[in-house]
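Enquirer: got a predicted structure here, sequence first:
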Protein chains: 2
Amino acid sequence: MSDILNTLLTNVLQSGSRETYALDVGLRLKAVRKLHNLSQRELAKRSGVTNSTISMIEKNSVSPSISSLKKVLSGIPMSLVEFFSMDVDESAVERVVYRANEMLDIGMGEISMKVVGKSRAKRDMAFMDEVYPSGADTGMEMLKHEGEEAGIVVEGRLELTVADQVYILETGDGYYFDSTQPHRFHNPFESDCRLISCTTPANF
Amino acid sequence: MSDILNTLLTNVLQSGSRETYALDVGLRLKAVRKLHNLSQRELAKRSGVTNSTISMIEKNSVSPSISSLKKVLSGIPMSLVEFFSMDVDESAVERVVYRANEMLDIGMGEISMKVVGKSRAKRDMAFMDEVYPSGADTGMEMLKHEGEEAGIVVEGRLELTVADQVYILETGDGYYFDSTQPHRFHNPFESDCRLISCTTPANF
DNA sequence: TAACAATGTCAGATATACTGAACACTTTGT
DNA sequence: ACAAAGTGTTCAGTATATCTGACATTGTTA
């Protein structure tokens, strides 16, 4: 999020004569809009407010109501949380590629869970390459944690239980659920199962 | 933040006869205020607005401006991000399993991008099963958007470019980077490449 | 060059949020 | 029982946000 946004933000900061305002809504909106290559009028059309409203918000000459800011962001689209949590600081040069043989395995017992990007400072997700050998099971006491998880079976089959419901996932099938619901992974089949999955947030 | 807040929120939800409002600012404020054992007047005094303002906000009879909501929250104190990221557990019954043949394909041109959980109301991530046929390319003008993305190559090989750096991903290799950095996916090899990937946030 | 479309800005009119002072109700203390 | 202090709500007046409809500027096309 940082590089382009940052330059844009600093540019605007330098040029504009603006009041010192801890949370510069106008600046943020302008940055977001530019990032998505939208004009004030285009964004206005998509969001259901007028272009002048957007102009005034961006110039910090008004403090928009929640409802109108929400309207405006819906044209991006972007949530209020995302909007306010945009951070303006630099991101260091991070590693990009993680080779298959050097991923950190955080699996338990027979289950292998290799994490992509484990060394990164900031991480929103835990993206993993998991292998459930025949018979593997995350256990009867179901897992629960904040966030969401999704995955796709790329080899074999898997039994997934989410809140009373038991599903059989064939090769190629995917899943997506709230991690707050009790869940369990189990491979009762003869062949091993390989699963690419992602959970958010990164630490659970 | 969730457990106590949640019960409180759901209690309020059950008791109050409220309009259906996607983002119930009033409800959230009331919950937060109660959590901190403050009266409307007390919070008003601490935050520099009047008690009637708080009353009206909580009853959703107005949609507060950013500046006044920020003022109000400063009396807690709580940031806008924290405020809006409080989740009101709907506990709706959501679909969990998405079959391989029924995933929505949002790919462009020859590139196939099948999304897991596309029908979900709330989604933090876009989890996808992508296929880059031999020669496929996301184009010379590099992609940029907020968020992060990660992936693992499960078949074939792929060329990934992130901010000047070009990487060759072998089968099994993964990647993880900030989506704000210009990036490009390209398959210059003979065999097709299949990639399981995840980007956050869901809409990019 | 002229005509045209697209950009961001501004001013007057209108809609909405916010204030200040009441009101009715409940709780606490004597 | 009664006051006194606390609770949330309401309403007219004021402050502010938003819309409508213009304007000036830039870039594109003929």
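Expert: Alright, I've got the coordinates.

Enquirer: got the phi and psi for the nearest residue to A:Ala150 once chain neighbours are set aside?
Expert: In space, and not counting its chain neighbours, A:Ala150 is closest to B:Phe127: 3.6 Å by Cβ to Cβ, 6 or more residues apart in numbering or on different chains. Any C-beta I mention is one placed from the backbone N, CA and C, and that applies to glycine too. Main-chain dihedrals, B:Phe127, degrees, to the nearest 10: phi -100, psi 120.

Enquirer: how many neighbouring residues does B:Phe127 have?
Expert: 33 (other Cβ atoms under 10 Å in any protein chain shown).

Enquirer: residues near the residue nearest to A:Tyr132 when sequence neighbours are not counted, how many?
Expert: Among residues not flanking A:Tyr132 along the chain, A:Asn187 sits closest, at 4.1 Å (Cβ to Cβ, 6+ apart). A total of 23 residues lie near A:Asn187 under the criterion other Cβ under 10 Å.

Enquirer: so A:Asn187 versus chain B, what's the distance?
Expert: With distances taken as Cβ to the nearest Cβ, to the nearest Å, A:Asn187 is found 16 Å from chain B.

Enquirer: I'd say that residue and A:Leu169 touch.
Expert: No. With contacts counted by Cβ atoms under 8 Å, A:Asn187 stays clear of A:Leu169, the gap being 10.1 Å.

Enquirer: overlap of the contact sets of the two?
Expert: Listed as contacting both A:Asn187 and A:Leu169 by Cβ atoms under 8 Å, 6 or more residues apart in numbering or on different chains are A:157-159.

Enquirer: ok, of those, which one's closest to A:Asp24?
Expert: Nearest to A:Asp24 among the shared contacts of A:Asn187 and A:Leu169 is A:Leu158, at 47.8 Å by Cβ to Cβ.

Enquirer: ok, how many other residues are close to that closest one?
Expert: A:Leu158 has 25 neighbouring residues, counting by other Cβ under 10 Å.

Enquirer: thinking again about what came up before, which residues touch the residue nearest to A:Ala150?
Expert: B:Phe127 touches A:150-152, A:174, A:176, A:198, B:115-117, B:196-198, counting by Cβ under 8 Å, 6+ apart.

Enquirer: quick one: which of these sit in strands?
Expert: A:150-152, A:174, A:176, A:198, B:115-116, B:196-198 (DSSP state E).

Enquirer: what is the most widely separated pair among those residues?
Expert: A:Tyr176 and B:Ser197 (14.1 Å).

Enquirer: and the contacts of B:Phe127, which are buried?
Expert: A:150-152, A:174, A:176, A:198, B:115-117, B:196-198 (16 or more other Cβ atoms under 10 Å in any protein chain shown).

Enquirer: mind listing what A:Asp137 touches?
Expert: A:Asp137 sits next to A:184-187 when contact means Cβ under 8 Å, 6+ apart.

Enquirer: return only those of these found close to DNA strand D.
Expert: Contacts with DNA strand D are made by none of the contacts of A:Asp137, judged by Cβ under 7 Å from any atom of the strand.

Enquirer: need these in TSV with pLDDT, can you?
Expert: Listed next are these as TSV, based on pLDDT from 0 to 100:
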residue	pLDDT
A:Arg184	84
A:Phe185	88
A:His186	88
A:Asn187	91
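
Enquirer: in ChimeraX, select just the buried ones from these.
Expert: Those of those that count as buried under 16+ other Cβ under 10 Å are selected in ChimeraX with:
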select /A:184,185,186,187
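
Enquirer: among the contacts of A:Asp137, which one sits closest to A:Ala44?
Expert: For those, the nearest to A:Ala44 is A:Phe185 (47.1 Å; Cβ to Cβ).

Enquirer: tell me the buried residues in stretch A:72-90?
Expert: By neighbour count on 16+ other Cβ under 10 Å, the buried set for stretch A:72-90 is A:72-73, A:75-76, A:78-84, A:86, A:88.

Enquirer: cheers, nothing more for now.
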